[in-house]
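K.L.:
show me how the following folds:
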Amino acid sequence: MFELIRDYIEKFTKLSDADWQLLLPHLTERVLAKNSLFAKEGKICKEIGFILDGNMRHYYTKDGEEKTTYFYFENSFVTDFISCINGKPGSISIEALTETRLIVFSYSALQDLYKQSHAWEKFGRLLAEYLAIGLEERMVGLLMLSPEERYHQLLSSNKQKIIERIPQHHIANYLGITPVSLSRIRNRAAKK
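P.N.:
Numbering: from 1, shown residues only. Coordinates of the predicted model:
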């Protein structure tokens, strides 16, 4: 089971067996029930998860209304990275949309690994760059594309899991529209 996370980390940087052994004692498995939170707005996030099974969503709350900004699936890391880095209460929540099985380790353990190994330092840097690219792409889509263009981009991207596995009301929220508007966009797309 832990080999899955090693394989994923090695997409960022190659780990020697000695490097891998540094992380191994810090890994634990956790199962989150559907609708439970991995990170909660107003709380300090101290952990990083790696999803083995299930899916999750990342959202902000403004005036009681949730704003979905990201979805997580198998073989991806999940955390409130900003809260981990600055040690302050987070502004997001991360909710399990299904029962979700994760491998979890503390952010402080990762920081210790940075001091012990250049491979872990490289991983941290490349992970931060990967997250920055994702945030920039999301921001550009929200600012520059219409809701219909965002929907078509979603259909043609590598994010097909969102269409296949996420409830329509969460997809509409992610696109910044109502479920009724999403239904109209989907109908127009089906007629083309």
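K.L.:
what residues sit buried inside the top helix by length along the chain?
P.N.:
Secondary structure of the chain per DSSP state H: the longest helix is helix 118-144. Buried residues in helix 118-144, defined by neighbour count with 16 or more other C-beta atoms under 10 Å: 119-120, 123-124, 127, 141. For every residue, glycine as well, the C-beta is placed using N, CA and C.
K.L.:
pLDDT on it, on average?
P.N.:
Per-region confidence: helix 118-144 scores 91 on mean pLDDT.
K.L.:
check stretch 183-192 too.
P.N.:
On average, the pLDDT along stretch 183-192 is 84.
K.L.:
same thing with stretch 166-176?
P.N.:
Here the average pLDDT along stretch 166-176 is 92.
K.L.:
now stretch 149-159
P.N.:
In the prediction, stretch 149-159 has an average pLDDT of 82.
K.L.:
same question, stretch 52-62
P.N.:
Regarding stretch 52-62, the rounded mean pLDDT is 95.
K.L.:
need the contact partners of it.
P.N.:
Stretch 52-62 is contacted by residues 1, 4, 29, 32, 38, 41, 66-74, 78, 91-103, 161, 165-166, 170, 173-174 when judged by C-beta atoms under 8 Å, 6 or more residues apart in numbering.
K.L.:
of these, buried ones?
P.N.:
Buried residues within the contacts of stretch 52-62, counting neighbours by 16+ other C-beta under 10 Å: 32, 38, 41, 68-73, 78, 92-97, 100-103, 166, 170, 173-174.
K.L.:
how about the buried residues of helix 118-144, which pair is most distant?
P.N.:
Greatest spatial distance in those: 119 and 141, 33.1 Å, computed using C-beta to C-beta.
K.L.:
show me what the longest helix of the chain packs onto, helices and strands only.
P.N.:
The contact analysis (3 or more C-beta pairs under 8 Å, 6 or more residues apart in numbering; DSSP states H and E) places helix 118-144 against helix 17-23, strand 65-72, helix 107-116, helix 147-156.
K.L.:
what about residue 105, helix or strand, and which?
P.N.:
If you go by DSSP states H and E, residue 105 is part of strand 100-106.
K.L.:
which secondary structure elements does that strand contact?
P.N.:
Applying 3+ C-beta pairs under 8 Å, 6+ apart, one finds that strand 100-106 makes contact with helix 2-9, strand 28-32, strand 47-53.
K.L.:
7 Å instead, please
P.N.:
When contacts are defined as 3 or more C-beta pairs under 7 Å, 6 or more residues apart in numbering; DSSP states H and E, strand 100-106 packs onto strand 28-32, strand 47-53.
K.L.:
so what angle separates the directions of the longest one and strand 100-106?
P.N.:
Strand 47-53 and strand 100-106 meet at an angle of 150 degrees, taking axes from the mean of the first three to the mean of the last three C-alpha atoms, to 10 degrees as the criterion.
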